[in-house]
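1. pasting the structure only:
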C-alpha cells in the first residue's frame, strides 16, 4: 500500500512531518512551561474527583508529598498508562495482541523524486501486522 499525501480527499496540507518523539515531546513541554504552565514530573496520580464545575486531582509528588490540584478540565494523555480508566475503575484488559515498534531509515538511491515524498505501509501475516 502506498500513501501519497498529495492525493487527498479533503482540504489541508499535502505533506506531513516525521519527528523523533522524545525530542518533539521535549519541545512541546518547554513551550507549555514558557507560557506559564506549572509542570511536574515523576508524579503518581492517586485520585480524581470530577464535577460539572471543577475537577480535583490528587497526586503523590516525586518527594512523596500528597498534592491536590483543582482545575476546570482534566486531559489524560497517558496513552497506555490509562490513568483515568484506572482511577475510575474502568480499566478493562485489552484483547489486542501486544504491539511493538521499530524505526529505521533507508537511503534508496533508486527511488524517484515523487516516491521519495511518501510513506510506505506494507501489510503481511494475513493482515495481522504491518510495516
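-> Arrived safely. The shown structure was predicted, so the numbers you read here are calculated from the model rather than taken from an experiment. Residues are numbered from 1 along each chain as shown.
2. List of residues touching stretch 124-131?
-> Under the contact criterion C-beta atoms under 8 Å, 6 or more residues apart in numbering, stretch 124-131 has outside partners 97, 102, 121, 122, 123. Where you see a C-beta, it was placed from the backbone N, CA and C, and this is true even at glycine.
3. got the phi/psi numbers for the residue lying closest to the last one once chain neighbours are set aside?
-> Going back to what we said before, that points to residue 123. Excluding its sequence neighbours, the residue lying closest to residue 123 (C-beta to C-beta, 6 or more residues apart in numbering) is residue 130, at 4.6 Å. For residue 130, the backbone dihedrals (degrees, to the nearest 10) come out as phi -150, psi 160.
4. shaky segments in the chain?
-> 1-3, 116 (pLDDT under 70).
5. before we move on, the earlier item: what is the nearest of the contacts of stretch 124-131 to residue 20?
-> Nearest to residue 20 among these, counting by C-beta to C-beta, is residue 102 at 14.3 Å.
6. Who are the contact partners of that closest one?
-> By C-beta under 8 Å, 6+ apart, the contact set of residue 102 is residue 131.
7. separation between it and residue 61?
-> To residue 61, residue 102 is 35 Å away according to C-beta to C-beta, to the nearest Å.
8. Likewise for residue 115?
-> Taking C-beta to C-beta as the measure, residue 115 falls 51 Å from residue 61.
9. ok, now residue 84?
-> From residue 84 to residue 61 the distance is 19 Å (C-beta to C-beta).
10. so residue 117 sits right up against residue 14, yeah?
-> No. Contact criterion C-beta atoms under 8 Å: residue 117 and residue 14 do not qualify, at 9.1 Å.
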